[in-house]
Structures are given as C-alpha cells and as structure tokens.
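>>> next one to model:
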Amino acid sequence: MSVPAQGRLAFVQMEKETTFGTYIAPTKKFEIISFSAKGIRPLIKDTSLYNGRSPRGYFAGGFRVEGKITVRLNFEGMLKMMEGWAWGLSTAVVGGETQVWDHTIKEGLSSVIPSYTMEVCEGDPYGNGKVARVLGTVFESCIVRWQAAQSGDVFLTAELGFAAKDIDTNFGNGYTPAATFTMTCTASTSTPILTTAASFQTAGVAPNMLLSGTMLAAGARVGRILSATSLTVVDANGNDLNGTSATPGTVTFTLNTPRVLPILFHSNDSANAVVDDGTDTIVGGGGGSGGSPNITTTNSFVEAGIVPGMAITGTGVGAGAVVQSITNATTLVATVNNSGTVSGNLTFKQTVRVTGGEITINQPLDKERFYTGATTPDQALPNDFLDVSWRITQEFRDYGLYQLFRQFTPLSPRFVFEDPNVLIGATSKRQFEIKSGTTYIDDYDKPVENYGKVIGTVTQKAQLDTADAAAVVMRFRSYDAWVN
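Predicted coordinates for the structure are as follows:
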C-alpha cells in the first residue's frame, strides 16, 4: 500500500540565480511551517460560433507559478530568504565589537531583480528524498506577524509570497537535492578554528552546516563565521570543538537548517517593545534624586501634555522608565527609580502597550510577461510602488492615538526583539529590529466586544523615510559575517 506524502518531511533550500530561470545549486536550507506552489495554466476557450451550445474546445495558455512560504523567524540564518523581498542587504560590524555584525535589509533599487532557485520537498511523495525545482522565483511580498500568546503564536513568523517561471519535477521523478560541497581547509588542534585559502562566504558556507574531514572530530558543525577565510567549529550543542590534526585536507560541508534561535514576542528589548508615536515631547528643567521614582521640572508637565504611559529618557532617569502618575504640574512618579541625579532636558515618548503586530510588505508585480513563442513568462517586474502597511493591536487606554489619527500626525513604529543571552566574547546580544521612519494612520478601531479589556487596532501606511532611504527596514544582529 502506498504511503501519502507527509508534511513532516518537507523542507526548502535556495540560492540566488546567476541567470533568471536557470538552475543553480542551493546552499541554504530552511525549516518551514507551510509551503505552497500553485501551477497556473489558463484554459483558453474557443469562442468560434458553430451552431452548438457547448464550447467546441479549450486550448492551453501559458504556464506560471505562484505560491508562498511561511517560516519561523530566527535570529540567525534568515538573510538569504529575507533579502529576496528587499533586493538590498548590507552588513557592518557593530561599533565597539570585532565579531558582531548588523545585517540591514531594506528596499534596493537594483536594475536586476534577484531571482532564486528553490528545491522543495513537498512531503516526499515517492519516499526517495527527491525534490522539485522551482525556477525563476521572485519574491513579491513579506508579512511579519506576532501575537502575545501562549500557543504557536509566541513565535514571530514570516510569510513570503512569490511568483516563479516554472516547477521542474524531472518528469515526475524528482531530483536529488543539493546536499554537499567541498573545500580545502586547515584545522587547529589547540583552537576551534577552521581556515581556508579560498572564501567561505563565496562558497555559501552557513552556520550549523555539518562538517566532515580527516582533521575534524565526529559531529562537527559550523559555529561562527569570523571572516571570509576563518570560522569556528562547534558540536551539536554549540560547544567549541578543536581539530584532530593540523594537516590541511578536504572538508565536506553538508547543508543543514539554521540553529533554532527563534524570535519570541517576549524576547525583546523592553525599552523598545512599545510603539513610539513619532512625536517627542521635550520638558526642560528636570530634577530628581537618585534612588527615587520622583521626577520634577521647573516648567509644567501638565502644560506640556505629559500623561501616564509615556516613556521617559534623560540624564539620571532609570532605564525603561515610564510615567506612572502625575502628582501635580511639576512632579511625576516614574515606574522605576532614578539611576542618578536627574538634570537637564527630559524626553517623553507617547507609547502604547502592544498585544500583536502584522507588517505587510507588498511589491506589485507584472507576472504575465508572455511573448510569442514562449510557454513560460519572462521575469516578473514591478508595476507599482512598494506598499508597506502596519497593523498593530493594543490595549485601549486613552484617546491619544485617536487624536494623532485626527491630526494626521506622522508616526514611527519600531520594534526591537532581543535574545537574552550575550554573544560569545562580546557584550552585544542577538537582535531583530523592524521599523518604519514615517507612517500615517488610515484606520483606527476599538470596539467593545466582551466583558474584559478593550483592544484597539491601528493600521498605518509607511512612506519613504529620508533618514532610512526606505519605507521599512529590517535588521538582524548576530556574530556571523554576511553569508551571501
């Protein structure tokens, strides 16, 4: 009895194509939550009139592919996939560090839109581990979602929509997936360092790839990529693993999924886990003693419009301080004690308590570029502006956000999610940031629907922000040099 395809066996691996629609061996492998690739071939009806009631015939139109991939967002290993929607990725060493990198993803203006080959195992229907090849894949959308919940929604996820030229199934037999490549390397018996005279980055080496070679211990994996020619070797638990010989030799790299370092809704930098409304309020003449939650001003908090819930920063103000209550015009109580003597200007940001978010990035594409003599389309091209929408849910507490809506005030939503563990040999932590520098609210709803708390939903449209040179920016911080 045949066994049906099973989702537990599914995976996707990909690489950027050199020539649109021409296969290139993938070097990055991804775990997936869901995947679909729909073949589309319109049936062209014969409209000739022949004194009958039924169409006399149907004829084959051109063939193209549309689909989507949903993945759990990890702090590491996502660059290849997330670069697809943006067409632009840059990498820089974090200030004060030597092996901690910020990878910034935002809209690019490349005249050549990147296309990808994807190898997909859709549940292994033949039981032989074979894959189909999705060729000429161009990503047209990305939706990042999270929800403050105690179920599967605890993870941040990304759903990427794509259009492709073709699905090649090798006439139903499938292809053997790209799995390994080799490089000449040198190990060290005293340190967990592997080096090469070539380039790990150009070859497509990625964290958590499996390693095998006569100079390496069993179970070796790629740890940190330190540079184009140097990386660390670790075991399955991430512990450093020294080499067994210093004699140069051939190392086999086997594709593997990224380390499971998921981004959770509560894995955040508390100072940035709120939505800034984009309008800073500055109050001068700040005062207050260290160790006390009381903050004063020689001006007026009331006249400045300071209200509970606003985030406070300034000299001597405690980290993550928020206005808890207004005592009178010149005194307020913060949620944390002052870290020192408060002085000078105090900056207040209006914030909201967020319960969930959804950021939709959509690039409208012309996906039907068929020409005479071709049965599959040319590469999809943009036919409208990039569209970025934010949909944020929050506890409804006051009408401040509604007033900003009425006044057409620009906002600056920004979220930074942070892993609690300090990176090895550094003081920085892994981060994922997503932000838009300039947005405007186009819908704000806060229905009363049940006995408990009232939840408001605000939707915003992002425009080009001159400081970021983009409408939306993603940033991954890790200790891995850019793997292209």
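
>>> flag every buried residue along stretch 397-406.
397, 400-401, 404-405 (16 or more other Cβ atoms under 10 Å). (C-beta placed from N, C-alpha, C; glycine too.)

>>> secondary structure, distance to D166 and pLDDT added to the residues you listed, as JSON lines?
JSON lines is the format used below for the buried residues of stretch 397-406 (DSSP: H, G, I helix; E, B strand; the rest coil; distance: Cβ to Cβ, whole Å; pLDDT from 0 to 100):
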{"residue": "R397", "secondary structure": "coil", "distance to D166": "52", "pLDDT": "74"}
{"residue": "G400", "secondary structure": "helix", "distance to D166": "52", "pLDDT": "72"}
{"residue": "L401", "secondary structure": "helix", "distance to D166": "47", "pLDDT": "77"}
{"residue": "L404", "secondary structure": "helix", "distance to D166": "48", "pLDDT": "78"}
{"residue": "F405", "secondary structure": "helix", "distance to D166": "46", "pLDDT": "85"}
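
>>> ok, so of the residues you listed, who is nearest T254?
For the buried residues of stretch 397-406, the residue nearest T254 by Cβ to Cβ is L401; the value is 50.5 Å.

>>> is it true that the closest one touches D445?
No. Contact criterion Cβ atoms under 8 Å: L401 and D445 do not qualify, at 11.2 Å.

>>> need the residues touching each of those two.
Taking Cβ atoms under 8 Å, 6 or more residues apart in numbering as the criterion, L401 and D445 both touch G456.

>>> which secondary structure elements does the top strand by length along the chain sit against?
Counting residues, the longest strand found in the chain (DSSP state E) is strand 132-147. Secondary-structure packing of strand 132-147 (3 or more Cβ pairs under 8 Å, 6 or more residues apart in numbering; DSSP states H and E): strand 64-72, helix 79-86, strand 116-121, strand 157-164, strand 166-168, strand 354-362.

>>> nearest to S267, out of the ones you listed?
strand 64-72 (12.6 Å).

>>> mind checking how far the helix or strand of the chain with the lowest mean pLDDT is from the chain centre?
In the chain, the helix or strand scored least confidently by mean pLDDT, DSSP states H and E is helix 400-406, which has a mean of 79. Between the centre of helix 400-406 and the centre of its chain there are 29 Å (Cα atoms, centre = their mean, to the nearest Å).

>>> send the alpha carbons of that helix over as CSV?
Provided in CSV are the C-alpha atoms of helix 400-406 (Å, rounded to 0.1, in the frame of the first residue of the first chain):
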residue,chain,number,x,y,z
GLY,A,400,-4.2,59.9,22.5
LEU,A,401,-3.7,57.7,19.4
TYR,A,402,-7.1,58.7,18.1
GLN,A,403,-6.2,62.3,18.3
LEU,A,404,-2.9,61.7,16.4
PHE,A,405,-5.1,60.0,13.7
ARG,A,406,-7.4,63.0,13.5
